[in-house]
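Participant: Here is a sequence with its predicted model. Questions after.
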Amino acid sequence: MALHVNEGPKSLEKSYDLSCYIALHKRAVASAAKPPANRVLQQLSLAWRALPEKKFVKAANAVAKLDLGKELWAKPLKVALEAWLPRMDGRHLANLKAIAVMELLNEPQALQAYLEQCESRRNDFWYSRHLQVVEAHVHLLYPDLWTSLDERIRLFLQEVRTAAEESRARAQAQAAQAEEAEDDSDSEDSEDEAPSLIQAPTFDKQRFSSALHADISRMLTALGVEHSNKISAGPVLLDMVHMPSMVVVEAAAPWQFYLRSPQITALARRRQEGEMIQAMGFNVTVIPYYRWDALKNDAAKAELLRKQLPKEVSSCMASSAGQIQRLAWHVASAL
């Protein structure tokens, strides 16, 4: 792809899709000896205000998802986004992802402007998930800002949260009814019916977020560690929680990483760093999939958990080699 680095911002916008320039940043980061990519990105930083509002919101979401918000060339994007908020159309405001707000509007005055605009455009917010995450983010990490918010804004956020909780309860009830109906249907099927070509999931999606989560939970149970799965903490869904010690065990599944890359996504980074979760009083331990998958047997998995989890949790586990070997035999014989 030819890089016309001397073209102005408007011609850049016309000539290329915006995502091409964001993707180029990977090259710029990998090597400082590639000035063309850097110059393109620098020129693009001057073009944010020239973009149509819909494309501008998409660009902000893409930059945040790619975890590029801390780069120097993204600073003009932050300035432009904050300046655009008071006149932003409600539909486009509602399409701004929570990760974009947290990464790009990371100053108290910018967050306040965002929440005020959301309240003034409240009729455009059909999907409240992102707004709920931002509410928790402000409440937990910006307590001074939260207490200074106008009462009408906090009332609006409460209404959004209540509506979301009611919607989630209805969805869970419908899912349970559908599962029960499916079980009844399966029991009436004839035994000689042809098998389905669709592969059944390898884990219970109602209880676990991934196959990795299911396997770690299995090992914790076998080790005698009582824990709860998929616990809601506001808008955040925690994988595993050992309540006596307030320890959260996060299963970092492959989808939390960029494709064919060891780098975690921006949203996963926020989960793994655990700012919001720690502000709730929890301690976070992360088990990445590549470390877990490299273990050859249950004894090795038990040893990893014993070493990596805090002593408040690991103290109740099997610790000797003999116990771990008996555990591995017990688990294998139960399968």
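Facilitator: Ah, there it is.
Participant: contacts and neighbour counts: CA atoms only from here.
Facilitator: Will do.
Participant: for the protein, which spans come out with low pLDDT?
Facilitator: 1-46, 127, 172, 175-201, 318-335 (pLDDT under 70).
Participant: Geometric centre of it: which residue is closest?
Facilitator: Closest to where the C-alpha atoms of the chain average out (CA atoms, centre = their mean) is Leu267, at 3.9 Å.
Participant: Could you find the closest non-adjacent residue to it?
Facilitator: Of all residues beyond its chain neighbours, the one nearest Leu267 is Ile99 (6.4 Å), with distances taken as CA to CA, 6 or more residues apart in numbering.
Participant: can you pull the contacts of that neighbour?
Facilitator: 61, 64-65, 266-267 (CA atoms under 8 Å, 6 or more residues apart in numbering).
Participant: that older thread, which residues does the residue nearest to the centre of the chain contact?
Facilitator: 65, 99, 256.
Participant: what comes up buried for the helix or strand harbouring it?
Facilitator: Element membership for Leu267, per DSSP states H and E: helix 266-273. Within helix 266-273, the residues that count as buried by 16 or more other CA atoms under 10 Å are 266-268, 270-272.
Participant: Over to stretch 203-218?
Facilitator: 208-217.
Participant: what does stretch 49-69 give?
Facilitator: Applying 16+ other CA under 10 Å to stretch 49-69 flags 49, 51, 53, 56-69 as buried.
Participant: and what of stretch 80-93?
Facilitator: Buried positions in stretch 80-93, judged by neighbour count with 16+ other CA under 10 Å: 80-82, 84-85, 88, 90, 92-93.
Participant: swap in stretch 104-112?
Facilitator: Neighbour count says stretch 104-112 has 104-105, 110-112 buried, by 16+ other CA under 10 Å.
Participant: for the residues you listed, which one is nearest Glu303?
Facilitator: The closest of the buried residues of stretch 104-112 to Glu303 turns out to be Leu104 (CA to CA; 40.5 Å).
Participant: Could you give the number of residues near the closest residue to Ile216 other than its chain neighbours?
Facilitator: Distances taken as CA to CA, 6+ apart put Ala251 closest to Ile216, at 7.6 Å, once the chain neighbours are dropped. Per other CA atoms under 10 Å, the neighbour tally for Ala251 reads 27.
Participant: swap in Arg129?
Facilitator: Per other CA under 10 Å, the neighbour tally for Arg129 reads 16.
Participant: OK, contacts around it?
Facilitator: 164, 235.
Participant: swap in Asp239?
Facilitator: Counting by CA under 8 Å, 6+ apart, Asp239 touches 208-209, 213, 229-231, 248-251.
Participant: how close does Ala302 sit to Asp124?
Facilitator: Distance of Ala302 to Asp124, given as CA to CA, to the nearest Å: 49 Å.
Participant: Which one of the two is surrounded by more residues?
Facilitator: Ala302 (24 against 16).
Participant: for the more buried one, phi and psi?
Facilitator: Per-residue torsions, Ala302: phi -60, psi -40 (degrees, to the nearest 10).
Participant: The residue nearest to Ile216 pairs with what?
Facilitator: Going by DSSP bridges, Ala251 is paired in beta bridges with Ile287.
Participant: now Val241
Facilitator: Here Val241 shows beta-bridge partners Ser228, Val248, assigned using DSSP bridges.
Participant: on that earlier part again, distance of the residue nearest to the centre of the chain relative to Leu68?
Facilitator: Using CA to CA, Leu267 is found at 12 Å from Leu68.
Participant: close enough to count as contact, Met276 and Val138?
Facilitator: No. If you go by CA atoms under 8 Å, Met276 and Val138 don't touch, sitting 9.4 Å apart.
Participant: And for the helix or strand where Tyr290 lies, what's in contact with it?
Facilitator: Assigned by DSSP H and E, Tyr290 falls within helix 289-293. The contact list for helix 289-293 (CA under 8 Å, 6+ apart) reads 212, 251-254, 301.
Participant: Ser210: what's it in contact with?
Facilitator: 203, 251, 253.
Participant: do that again at 10 Å, thanks
Facilitator: By CA atoms under 10 Å, 6 or more residues apart in numbering, the contact list for Ser210 reads 201-204, 239, 251-255.
Participant: Next, it: phi, psi?
Facilitator: With angles defined as degrees, to the nearest 10, Ser210 sits at phi -160, psi 170.
Participant: Looks like Arg154 contacts Ala136 (just checking).
Facilitator: No. Arg154 is beyond contact range of Ala136, at 11.6 Å (criterion: CA atoms under 10 Å).
Participant: Please enumerate the shared neighbours of those two.
Facilitator: Residues touching both Arg154 and Ala136 (CA under 10 Å, 6+ apart): Trp146.
Participant: Could you pull out the helices in the stretch 201-335 of the chain for me?
Facilitator: 211-222, 266-273, 275-279, 289-293, 298-308, 311-314, 321-334 (DSSP state H, counting those that start in this stretch).
Participant: That'll do, ta.
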